[in-house]
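Coordinates only, no sequence provided:
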């Protein structure tokens, strides 16, 4: 079946400590004593590698959500609200994994491009070409308050800064040509000075002279991941992203998003293969559908509506605690922040007329990403349908709880996908670009 | 001899890719093809661990020196001028080492305290309590130009920002009390909200509300290393440093520096044991003194005076290339930047009347750190004398070239120190604070 191999799925796994179902940390099988230890993430990353995943993926947020009830106390009390810096985490994983791609989120709103470009270039070298950066612009006032500001900048300003940030980062990654290092000990020539270039960037947000002090890395540049879904966000992704992470609840919506992203990329002169659209997907899988439903029933027992409401309140900078939990979801006219989430919530509450409590449980669960419960064959059918119907190039798998949710996917679903010829049986290349089928970018030559 | 064990030496190893002698990368034994690969640094760190070193240490600088001759071309051509981000490097080492402390340099002049505190707290958790931060303020205009500024801020402004930066970082590390995490799955209690605290910092340079989203790490806070030698720098070190790295060419100077740092610490209510003074030391060691001298003669063949002059020009923001190489070292009236270096250079050129070429070779070699050439017994005698005469608590060993320079020290000198009862034969604790005999700081309780 795998002989004349067709187009292949790409799979990432979106990790955190507990898993993605609301209050998953309360599941009896989550090892809370390991949540802040490298051995645990090593175990998870090795499971992903055993499953031949393209990459592991970590999101980020600079602070503990505290908009709901105007305090972090309730959040810290009942939610898994502490974390490790994701860049630090994937870097520690570089030494204890061999093949899997390593993706961390860093916001362009509170960092210097020289530092970010330098850390990712260094990681790309140290990991043998497995680094990826999920570019976000941050959405909450809560985060801004850890960086000297009272409010998060507005949506367009954030993206304007992000565009300039990426211009600088790309320029820095290109400042050493491929063959600049010479290492001629006899002649005393370390590098060819004509193949190293100043950047001389002077923009609205940044002044960066360059060159980077890190030579060109195995992937040329780290893989760029992006998840903006607003019009501005989509445009930004079309311009720079090589992997597009997205929340798509329905097949039709996903197909239309997919087509839109390929068209937008073309408008920037990029081929349809130059970005891989990978929606988030929460698979609740067991040997049979009945067992999978039992698994979800157990998870649902723990789900605290606060899980969704605390995160959402922070993302939209609006305290949802002022409305009764069993009343309808209010109109969110004063909310700001994450535009695409606001639209999706509005759409969802219109069609399903949810209460706030229901929204909290639902949003805390998969955060508007699609959830699918079933047997390995049912899950594989779902993935295959979306893939062949032009809804995606693969998925960012969101295990409902960890480590079991990932282990089960690797043991039960991956072999089924491999049997169908939809997914690799072995890694064929060394770098994340190899896994994703992305070209290695050429260095832009400058004088 | 080791039965009634007395005071013990502490040893760090100051690593880079090539080693510290001028133009060491040209030594036949340096593996230039490994300079940007994790396997190489893993090999070096494991050698340090075999030698029971307290820690490995990486310096930093944000850019390629380009003051000398007003361009980076000559520097890039003949010097080992590219590097890896040191924080990224020690984090990758966390997963492949067990015991050795991991020290990286980060400047307070171009970063946000929330990011730096968060990355070090995460590394301290992932490494099981082995993280240390070498705090610097940067000295060169070259670096400022990668962060939107034309000139490096003046000395006092940099230290003022550094003090506030450390106040914020210490506050963030203390924002989760030791026992804040509860993990009671039945009751649904993740953490005790009363044991997590806002910081509410509003200062001249930073506004940081907190709390950190990383729980308290194994060491409470990472070990703080500092190397300021000016009056302001010493005062800062006395206030915050737990390890003091310093360039001390003479025994008398080192003794006076040591006494001064212990006195200054006392003025801040700190015990003499609360900081460990560890001068840099370049040991050129072989089985016999004659062989050691041959080793140095070979290294000296490669030494390019540019090695010292390019780095020094950048550190003092003054282009030394306008003066003839074989003329005397000029008076450096227009120089700025690294105050302590300027004073030391002035003192050195006064007493020895060096030419610029000689200064370049000398400075490029050990950068004013003490060099000692000899047999294992001679090297051990030197370390012992400085240690017992109150000049230091240990040394930051600067191998002249790598990996051999470190391997030889571990194979030849460490056993000699162990035989004399001056250095541990096995690690006794798990954390870097354990190795250094530093107390675990108590979390400052706040309401």
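All right, it came through fine. Just so it is clear, the structure is predicted and the values come from calculations on it, not from any experiment. Numbers count the residues shown, from 1 in each chain, chains lettered A, B, ... in the order given.

So which residues of the stretch 201-350 of chain A form strands?
Secondary structure of the stretch 201-350 of chain A by DSSP state E, counting those that start in this stretch: the strands cover A:201-202, A:207-208, A:223-226, A:243-246, A:276-285.

now the ones you listed as CSV including distance to chain B?
All C-beta spots, glycine's among them, are computed from the backbone N, C-alpha and C. Listed next are those as CSV, based on distance: least, CB to the nearest CB, whole Å:
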stretch, distance to chain B
strand A:201-202, 9
strand A:207-208, 4
strand A:223-226, 17
strand A:243-246, 21
strand A:276-285, 19
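
In TSV: those, plus mean neighbour count.
As requested, the strands of the stretch 201-350 of chain A are exported to TSV (neighbours: other CB atoms under 10 Å in any protein chain shown):
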stretch	mean neighbour count
strand A:201-202	14
strand A:207-208	22
strand A:223-226	26
strand A:243-246	27
strand A:276-285	25
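
Can I get these in TSV including mean pLDDT?
Shown next, in TSV, are the strands of the stretch 201-350 of chain A (pLDDT from 0 to 100):
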stretch	mean pLDDT
strand A:201-202	98
strand A:207-208	98
strand A:223-226	98
strand A:243-246	96
strand A:276-285	98
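
export those strands to TSV and tack on distance to residue B:378?
Below are these laid out as TSV (distance: least, CB to CB, whole Å):
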stretch	distance to residue B:378
strand A:201-202	52
strand A:207-208	48
strand A:223-226	53
strand A:243-246	58
strand A:276-285	61
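
Give me the pLDDT value at the residue nearest to residue A:18 when sequence neighbours are not counted.
Among residues not flanking residue A:18 along the chain, residue A:25 sits closest, at 3.8 Å (CB to CB, 6 or more residues apart in numbering or on different chains). Residue A:25 is assigned a pLDDT of 96 by the prediction.

My guess is residue A:25 contacts residue B:185. True?
Yes - if you go by CB atoms under 8 Å, residue A:25 and residue B:185 touch, sitting 7.4 Å apart.

what does stretch A:16-34 rub up against?
A:14, A:35-36, A:40, A:58-59, A:78-80, A:83, A:282, A:284, A:298-299, A:302-305, A:307-308, A:360-361, A:364-367, A:369, A:398-405, B:183, B:185, B:188, B:190 (CB atoms under 8 Å, 6 or more residues apart in numbering or on different chains).

In helices, which of the residues you listed appear?
A:40, A:78, A:298-299, A:302, A:305, A:307-308, A:360-361, A:364-366, A:404-405 (DSSP state H).

count of neighbours near residue A:332?
Using other CB atoms under 10 Å in any protein chain shown, residue A:332 has 16 neighbouring residues.

re the thing from before, more neighbours, residue A:25 and residue B:185?
residue A:25 (25 against 16).

Next, residue A:123: phi, psi?
Main-chain dihedrals, residue A:123, degrees, to the nearest 10: phi -60, psi -40.

Spatially nearest residue to it (excluding sequence neighbours)?
residue A:131 (4.4 Å).

Residue A:368 now?
Using CB to CB, 6+ apart and skipping residues adjacent in sequence, the residue nearest residue A:368 is residue A:247, 4.4 Å away.

Looks like the one you found contacts residue A:347 (just checking).
No - the pair residue A:247 / residue A:347 is not scored as a contact, 11.9 Å apart, by CB under 8 Å.

So these two - more neighbours on which side?
The neighbour comparison of residue A:247 against residue A:347 (other CB under 10 Å) goes to residue A:247, with 21 against 13.

so who does that one touch?
Here residue A:247 is in contact with A:229, A:279, A:280, A:340, A:344, A:367, A:368, A:369, A:370 (CB under 8 Å, 6+ apart).

Show me which helix runs longest in chain A.
Chain A, longest helix under DSSP H: helix A:155-173.

just how off-centre is the helix or strand of chain A with the lowest mean pLDDT within its chain?
In chain A, the helix or strand scored least confidently by mean pLDDT, DSSP states H and E is helix A:339-352, which has a mean of 73. Here the centre of helix A:339-352 is set off from its chain's centre by 21 Å, with CA atoms, centre = their mean, to the nearest Å.

That one versus helix A:155-173: what angle between them?
130 degrees (axes from the mean of the first three to the mean of the last three CA atoms, to 10 degrees).

what packs against helix A:339-352?
Judged by 3 or more CB pairs under 8 Å, 6 or more residues apart in numbering or on different chains; DSSP states H and E, helix A:339-352 is in contact with helix A:305-316, helix A:356-366.

Determine how far the shortest one lies from the middle of the whole chain.
Right, helix A:356-366. With CA atoms, centre = their mean as the basis, helix A:356-366 stands 21 Å off its chain's centre.

Quick one: list the elements packing against it.
Using 3+ CB pairs under 8 Å, 6+ apart, helix A:356-366 is in contact with strand A:276-285, helix A:305-316, helix A:339-352.

In the last one, which of the residues would be classed as buried?
It refers to helix A:339-352. Applying a neighbour-count criterion of 16 or more other CB atoms under 10 Å in any protein chain shown, one finds A:339, A:340, A:341, A:342, A:344, A:345, A:348, A:349 buried in helix A:339-352.

neighbouring contacts of that helix?
Taking CB under 8 Å, 6+ apart as the rule, helix A:339-352 contacts A:155, A:228-230, A:233, A:247, A:249, A:312, A:315-316, A:328-329, A:331-332, A:335, A:354, A:359, A:362-363, A:368.

rerun at 10 Å
A:139, A:155, A:227-234, A:246-249, A:253, A:311-312, A:315-316, A:318, A:328-332, A:335-336, A:338, A:354-356, A:358-359, A:362-363, A:367-368 (CB atoms under 10 Å, 6 or more residues apart in numbering or on different chains).

Buried ones among those?
A:139, A:155, A:227-230, A:232-234, A:246-249, A:253, A:311-312, A:315-316, A:318, A:329, A:332, A:335-336, A:338, A:354-356, A:358-359, A:362-363, A:367-368.

circling back: quickly list what's touching both of residue A:25 and residue B:185.
In contact with both residue A:25 and residue B:185: A:32, A:302, using CB under 10 Å, 6+ apart.

possible to save the helices and strands packed on helix A:356-366 as a markdown table with distance to residue B:434?
Putting those into a markdown table (distance: least, CB to CB, whole Å) gives the following:
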| stretch | distance to residue B:434 |
| --- | --- |
| strand A:276-285 | 42 |
| helix A:305-316 | 38 |
| helix A:339-352 | 46 |
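
Go through those and name the closest to residue A:434.
strand A:276-285 (13.1 Å; CB to CB).

Any idea how far the closest one is from the middle of the chain?
Averaging C-alpha positions (CA atoms, centre = their mean) puts strand A:276-285 11 Å from its chain's average.

try stretch A:398-417
Distance, centroid of stretch A:398-417 to centroid of chain: 18 Å (CA atoms, centre = their mean).

Quick check: buried residues in that stretch?
Neighbour-count burial for stretch A:398-417, counted by 16+ other CB under 10 Å, picks out A:398-410, A:412-414, A:416-417.

Same question for stretch A:136-152.
A:136-148, A:152.

Farthest-apart pair in those residues, please.
The two members of these with the most space between them (CB to CB) are A:136 and A:148, at 19.1 Å.

just to revisit the earlier point, and the contacts of residue A:247, which is closest to residue B:70?
Out of the contacts of residue A:247, the member with the shortest distance to residue B:70 (by CB to CB) is residue A:229, at 47.7 Å.

any idea how far the residue nearest to that closest one when sequence neighbours are not counted is from residue A:356?
Of all residues not flanking residue A:229 in the chain, residue A:340 sits nearest, at 3.5 Å (CB to CB, 6+ apart). From residue A:340 over to residue A:356 the distance is 20 Å, taken as CB to CB, to the nearest Å.
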